[in-house]
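Participant: Could you look at this predicted model? Sequence included:
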Amino acid sequence: MTRPTLFLIGKVTMADNAEVTPVVSNLPPGPGKEEQGAGEGGGGSERDAGGGLTDAQSEVLERCLHALKHAKNDSHTLAALLLITRLCPASQLDKPTLRRIFEAVGLNLPARLLVTAVKGNDSSGLPPHELLSLGTALLSALSTDPDMASHPQLLTTVPLLLGILANGPVNQQKQAAEEQNQAGEMGPSPDSEVHLAELSNPESNPTNAAKSTRDTETSRQKGDDSSAANGVSSPQEPSPSSKLDEAMAADCYQVLTAVYALPRGPDQLLSRGAVPALCQAVEQNQTFSHKRGLALLGCLLSGKTKDKAWSKHPAELLTLLVKLSKDFCQSKDRAKLDMCSQLVQFLPPVGVEVEGEELKGVVSRVWGELRPMMQAKLTPRQIGPILVLSACLLDLYGWELVGPPKFCCLLVNRTCVEVRMGLEEPPGNDLSPELQGTLTACYRIMEAAIEQACCLGVTQTAAPPQSSISTLSLQQSRQVLGVLEEAFSAVMYHLQQVDPSRYGDPFIFATFRALCSWLAEETSCLKEEVTRLLPFLIGYSRSHLQGESQERSLSDWMADVSVIVERGAWTGKEALRYLLPALCHLSAEEGPRKVLLTLDTPVLLVDFLSQSWTSLKGKNGATSARDPSMETACSALLNFTVTEPERVRKDPCFRTLEALLSEALPVLVHKPRLLVLAANYCTLGLMIGRLKSSPTVEAGQRRFFSTALRFLRGALDSSSSPGPVKVSLSWEESWDEAAELWRLSLQALGGCVRVQPWITALVREEGWLKHTLTMLAQCSALPDQHTQEVLEEALCGMVNQCSLCKQEIGDTMMRNDKGALGCMRNLKKLVGVK
């Protein structure tokens, strides 16, 4: 499409009071014109070296460039531009020459053209529409140069361009005059000077500049509260007078696209009101709003600005999503397939607060359309976008809205088939980016299915979360687990072929993460394959923990392919975090545990705890959130400690671990939110301590045991005596998770006393023995029989190793043979009390 002829006839009074009297026609399209692209504006490859001008044209061009540089007013500038466009078409200019023209014209002129049009000055001699057309054309051409696109003056015009796209051009002179008469106080007289500084600071209030364009809209739009920044107006087809011509719309989108391509472009557009303005353009069906506006919005909502955009403009984006979902439901089969990818971009990120019921309605409607599509015959290329959209919908609402159990089974089955077909390729065959994106979506569906199916398999008594998949029959649940097993067999086959040089590949991480979700729930299946894969799993985790892979690109890619983005900064610990639950299961089984020991897995776990502790101790109390992965790492190390005592005694990494625990526990006991982690550290340290007899007492050891005794003493509260002992307030909230660790710690304490007799003196000095005996003597009962047994075991260990402890316990039992203390028969025998 060629640009319509622009006739600027008569005297033009610009915003700087300069008078322009040329006749400008056939203004050439800017280099960034949608139909031409930057390449044509650049002059074409064969002209890049020296251009395609004759000697006469070159001479005239030089004279025009001189005139542009030395122009005293806008008349001279436009006259020179007129000659250049008449005699030297843009297609014949090389890039250096175009750059010279851009530098000579500058951004002042097009910006002032827009300001003059927005002001609606009656004495300008030109309709605002024509001023806008000329200004946007110049900005479009200038924006093809990245330096010009990032210039502050050009960025200042972005709100104006957004206002034009959202509301259409300002109306003809009559309308402008009416607006000016009704709001004469809005600005200075037509003859006064207007500077770009009069535009509101877009960083502080990005909508004011766009609002000034809206203030000169047609009378039908006047009084509408909706705006480019504060909402989306009611849907209506723009009248011909408010409809943008295609050339002007293309120019505006060219500028915005050029700004978006800048390093900080998405943030620049977001801060200047791009999201609500583009939403309104789509709602009002403005020119190119669906072709260019939705595409630009999709880009803004697909990258790192997604969360920020939804947090800032949830109402506008939800309204747009509702519209797009309705369009999706009403579209034909072919168009519906194409729209799947588009809908993915406009779904909100998980965790952002939006109107729940309205979003739920959208998700439910879309699932209703996806069900028949999933049941149809589809090629891999066709089913890919459907699976990606399905994964995103699952991220938002899980299985609740998916549909009947039969469809849930179908979805999981088709997902697993795609994974098997995609991964069971001969080694050396590279997967296309499109296939990688589809498989990553499949992984997310499989992870969601694992969580539900395994929950159903674990218990039939506890009520699982109510959802469509929670009503699967036992046979359907087994079928789901069966197809998942086949798919993960393919996943393991694929990972088995991965060379260490590909450890930084983001798709490998997605595949690794999916497998870890399966291993966290199910390690009894495919046990031999899992054991053979352990060298890869440990090597891959170690590589990331030690920072040998490209963590930044990995983080960026994961943000692009998934709606669920990891909150906070990416670190190398993520890979091991996903593997830790599986390591807990595998370290408890002899065969896999032996392989893990050959791979120095305890060293890896200690390194992880050390790095995590370094990060945690640098945070204050308000920001030190609980990290379950640290607790899981302790559980895996505890398995090694219980089952491999000789390895614990000899492996230097356990000495490193003891030093870490003695440093960390005194800090953790003062952080109530981290009580479960403190209980893990306490238990792990005591379990290691019972395996080592040390002739000398180190300061770190003494510090650890002193802290552990005070920590364990605080778990039970006997203040309600003579009634039963209660769990203390500080432990009550975490007791379900910490109770077993507390009991195991007491058992380990008895073992520590046997191999390190010096601890008995510490038990008395720290007041643990006196506090425990007083509590047992006063209370009528303990929380449960297991608690009584472990307390009795610990006390018996002290009686056997320390005569002073035996004397103190015996005296207390003689004075009070009732209560919980009197029920400890083994202890009575040891101290000789009948």
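Facilitator: Cool, the structure landed.
Participant: Every contact and neighbour count from this point should use C-alpha atoms.
Facilitator: Will do.
Participant: For this structure, which segments count as strands?
Facilitator: 12-13, 19-20, 716-717, 726-727 (DSSP state E).
Participant: Which elements pack onto the third one?
Facilitator: In terms of contacts (3 or more C-alpha pairs under 8 Å, 6 or more residues apart in numbering; DSSP states H and E), strand 716-717 is packed against strand 726-727.
Participant: Run through the neighbouring helices and strands of the strand it packs on.
Facilitator: Using 3+ C-alpha pairs under 8 Å, 6+ apart: strand 726-727 touches strand 716-717.
Participant: Count the residues that sit near residue 81.
Facilitator: 22 (other C-alpha atoms under 10 Å).
Participant: got any ranges where the stretch 601-750 of the chain has weak pLDDT?
Facilitator: When residues are selected by pLDDT under 70, those of the stretch 601-750 of the chain lie in 620-624, 720-721.
Participant: from memory residue 538 sits against residue 601, does it?
Facilitator: Yes: with contact defined as C-alpha atoms under 8 Å, residue 538 counts as touching residue 601 (7.2 Å).
Participant: For the stretch 151-300 of the chain, give me the ranges with low pLDDT.
Facilitator: Using pLDDT under 70, the stretch 151-300 of the chain drops low at 170-242.
Participant: Also the stretch 451-600 of the chain?
Facilitator: Using pLDDT under 70, the stretch 451-600 of the chain drops low at 454-470, 548-572.
Participant: mind running it again at 50?
Facilitator: 457-466, 549, 561-570 (pLDDT under 50).
Participant: which stretches of it form helices?
Facilitator: 474-496, 506-521, 527-545, 551-561, 574-586, 590-598 (DSSP state H, counting those that start in this stretch).
Participant: Then the stretch 701-834 of the chain?
Facilitator: 729-732, 735-755, 758-765, 768-778, 785-801, 803-815, 819-822, 825-831.
Participant: related to what we said a few turns ago, looking at the helices of the stretch 451-600 of the chain, spot the one closest to residue 786.
Facilitator: Proximity to residue 786 (C-alpha to C-alpha) singles out helix 574-586 among the helices of the stretch 451-600 of the chain, at 24.1 Å.
Participant: from the chain's centre, how far out does the closest one sit?
Facilitator: 22 Å (C-alpha atoms, centre = their mean, to the nearest Å).
Participant: Tell me which other helices or strands that helix touches.
Facilitator: Where contact means 3+ C-alpha pairs under 8 Å, 6+ apart, helix 574-586 is packed against helix 506-521, helix 527-545, helix 628-643.
Participant: Could you dump the ones you listed into TSV with distance to residue 341 added?
Facilitator: Output for the helices and strands packed on helix 574-586, formatted as TSV (distance: least, C-alpha to C-alpha, whole Å):
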stretch	distance to residue 341
helix 506-521	19
helix 527-545	32
helix 628-643	34
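Participant: could I get the ones you listed as a markdown table with distance to residue 707 and mean neighbour count?
Facilitator: Below are those laid out as a markdown table (distance: least, C-alpha to C-alpha, whole Å; neighbours: other C-alpha atoms under 10 Å):
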| stretch | distance to residue 707 | mean neighbour count |
| --- | --- | --- |
| helix 506-521 | 33 | 21 |
| helix 527-545 | 30 | 18 |
| helix 628-643 | 18 | 20 |
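Participant: Which one of those lies nearest to residue 98?
Facilitator: Residue 98 sits nearest to helix 506-521 of all the helices and strands packed on helix 574-586, at 41.1 Å, using C-alpha to C-alpha.
Participant: Surely residue 491 is in contact with residue 511?
Facilitator: Yes: with contact defined as C-alpha under 8 Å, residue 491 counts as touching residue 511 (6.9 Å).
Participant: before we move on, the earlier item: got the helices of the stretch 701-834 of the chain as TSV, with distance to residue 274 and mean neighbour count columns?
Facilitator: TSV is the format used below for those (distance: least, C-alpha to C-alpha, whole Å; neighbours: other C-alpha under 10 Å):
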stretch	distance to residue 274	mean neighbour count
helix 729-732	50	15
helix 735-755	48	21
helix 758-765	67	18
helix 768-778	65	19
helix 785-801	63	19
helix 803-815	75	17
helix 819-822	71	22
helix 825-831	76	17
